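> From the sequence below, what's the structure:
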Amino acid sequence: MAKKPAADDRAGNEPTGNQSTGFIANFFGFAEHGTSLRQEIIAGITTFLTMSYIVVVNPAILAGIPGKKPGIIIDGYTPGEVRQMLAVVTILVAVVAISIMAFYANRPFAQAPGLGLNAFFAFTVVGAMGISWKTALAAVVTEGILFLILTAIGARKYIIKLFPTPVKFSVGTGIGLFLAIIGLQEMQVVVDDPSTLITLGSVASNPIALLSIVGLFLTLMLRARGVTGAIVIGILLTSAAGYGVEQFGLVQAGTLTPDVPPTTYNITPIAGAFVEGFQNVDAFAFSLIIFTFFFVDFFDTAGTITGVSQVAGFLDEDGDLPDMDKPLTADAVGTTVGGMLGTSTVTTFIESATGVQEGGRTGMTALVVGILFLISLAFVPLAAAIPLYASHIALVVVGLMLLRNVTSINWGEISHSIPAGMTILIMPLTYSIAYGIAAGIISYPFMKVAQGNWKDVNVGQWLLTAAFVVYFFVRTGGVLETAV
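Prediction:
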């Protein structure tokens, strides 16, 4: 009778004689987590393919266009050149954060500059608030260091646990709607309207909107078919179609394609720019900027990690992630390094759940993702060659993916449905992740009091509510604008 494989054999510690494989298995704990090297590699490849769009999308969001789009604008460099710089920075920062996640946290999560947070950086801080992008980077570095300190002493983990459950489960959905609106606007499917604020664009007569819709549905169909890397494929095919339409003379040259600058890997114009951001800044004004960034990053990161863990099935019965301090350390270091090199806040990606679903259970999955990000440095020129409307298809697709978290909310309980609904509703309508989170947290204790269940609200949650009331006062009372 054939000998039945031992548990360790099935977990990837098969006696092949390969000592390096045995070392990797022991280091990451394959046997303990019921996984294998092959399983982890497949999971890592899957995660990378589903999130690699960030190499193109993050630069597209952060890079500004003079007179048209807020963001990082560097004198003497075209938007295309800035996007290439940001692509290099995006890759390097992702590798740093993922390495910490792999070797320290030993989680199958991959990290990179987060969608939503980069939009907040470009559209809210630099655009609406009129803050210099260098000062914004200085704020990112500062709050990254603050997060490291708070994580080290356990305060960040404690504060995250103070999140009301309905807010925890609604943040992902709110972010999804926020991203979807940004994407649809860049695709020119949704446009400004003086009467209704926004409306449907002239889709049938606008080649950008028409091609964007075709690309979006193609991408969604690929995802429905279970094609790995559907978002990347959809972006590339949409971009290729844009170039093809122009090549055949169906539209005027330059309508669907950007000007592609010479390839550059030089990031010196942006790396270290945060240092200048500390100069000639009013202390009070800068502290208020930090205050704003702190709230957005702190709670958005918590929401994203919770959302990823929810999809992956890692949350306990209270909706918390065990040993959350270790993944939080990875994102805090990534955020700090990211601000120093020239990008917005780093966070765990919801796409990490795809690797988990493929069997990824340890940091080896993350390590594979990091290695693949390094290899992607060879494709940096694509960051400037991909049209913005094509890259923003990713925002709509990811936004739709995030909507599924709404099913975890207890809509039958009004003390849950109102905070959750406020969080989801306010985010996209105010173009602010922070406003949505604040609305949800503020409404929770008042709903509990109205029900006579005031004992369900602890002191920490009341303190959070008070802090967010102050936050609303700062952001809407003209304090920040006056100080700046």
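
> Wasn't residue 256 part of a helix?
No: under DSSP: H, G, I helix; E, B strand; the rest coil, residue 256 sits outside any helix and is assigned coil.

> Grab the nearest non-local neighbour of residue 219.
residue 234 (2.8 Å; CB to CB, 6 or more residues apart in numbering). Where C-beta positions appear, they are placed from N, C-alpha and C, glycine not excepted.

> Next, the buried residues of the strand or helix carrying that neighbour.
Secondary structure from DSSP states H and E places residue 234 in helix 230-247. Across helix 230-247, burial judged by 16 or more other CB atoms under 10 Å covers 230-239, 241-242, 245-246.

> Those residues into TSV, with extra columns for pLDDT and distance to residue 224?
Output for the buried residues of helix 230-247, formatted as TSV (pLDDT from 0 to 100; distance: CB to CB, whole Å):
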residue	pLDDT	distance to residue 224
230	85	9
231	86	13
232	85	16
233	90	13
234	91	12
235	89	17
236	90	18
237	94	15
238	94	17
239	93	21
241	95	20
242	94	23
245	93	25
246	91	29
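
> so which of the residues you listed comes closest to residue 280?
Distance to residue 280 across those (CB to CB) is lowest for residue 235, with 40.0 Å.

> Touching, the closest one and residue 54? I think so.
No: using CB atoms under 8 Å, residue 235 is not in contact with residue 54, being 11.1 Å away.

> overlap in contacts of the two?
Jointly contacting residue 235 and residue 54 under the rule CB atoms under 8 Å, 6 or more residues apart in numbering are residue 394.

> Now residue 193. Nearest residue, chain neighbours left out?
Closest to residue 193 by CB to CB, 6+ apart is residue 199, at 4.0 Å.

> List the residues that contact that neighbour.
For residue 199, the contacting residues are 190-191, 193, by CB under 8 Å, 6+ apart.

> Need the buried ones from the residues you listed selected in ChimeraX.
Paste this into ChimeraX to select the buried members of these, with burial taken from 16+ other CB under 10 Å:
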select :190
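
> would JSON lines of the contacts of residue 199 with pLDDT and secondary structure be doable?
Converted to JSON lines, the contacts of residue 199 look like this (pLDDT from 0 to 100; DSSP: H, G, I helix; E, B strand; the rest coil):
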{"residue": "190", "pLDDT": "93", "secondary structure": "strand"}
{"residue": "191", "pLDDT": "92", "secondary structure": "strand"}
{"residue": "193", "pLDDT": "88", "secondary structure": "strand"}
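
> all strands for this structure, in order.
Using DSSP state E, the strands of the chain run over residues 111-113, 190-193, 197-200, 346-348.

> thinking again about what came up before, how about the helix holding residue 234 as CSV, C-alpha atoms only?
The C-alpha trace of helix 230-247 is given here as CSV (Å, rounded to 0.1, in the frame of the first residue of the first chain):
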residue,chain,number,x,y,z
ALA,A,230,-8.2,41.5,-16.3
ILE,A,231,-7.7,45.1,-15.3
VAL,A,232,-4.2,45.2,-16.8
ILE,A,233,-5.4,43.6,-20.0
GLY,A,234,-8.4,45.9,-20.2
ILE,A,235,-6.2,49.0,-19.8
LEU,A,236,-3.7,47.8,-22.4
LEU,A,237,-6.4,46.8,-25.0
THR,A,238,-8.2,50.1,-24.5
SER,A,239,-5.0,52.0,-25.0
ALA,A,240,-4.1,50.0,-28.1
ALA,A,241,-7.6,50.7,-29.5
GLY,A,242,-7.0,54.4,-29.0
TYR,A,243,-3.8,54.3,-30.9
GLY,A,244,-5.4,52.2,-33.6
VAL,A,245,-8.3,54.5,-34.1
GLU,A,246,-6.0,57.4,-34.6
GLN,A,247,-3.7,55.4,-36.9
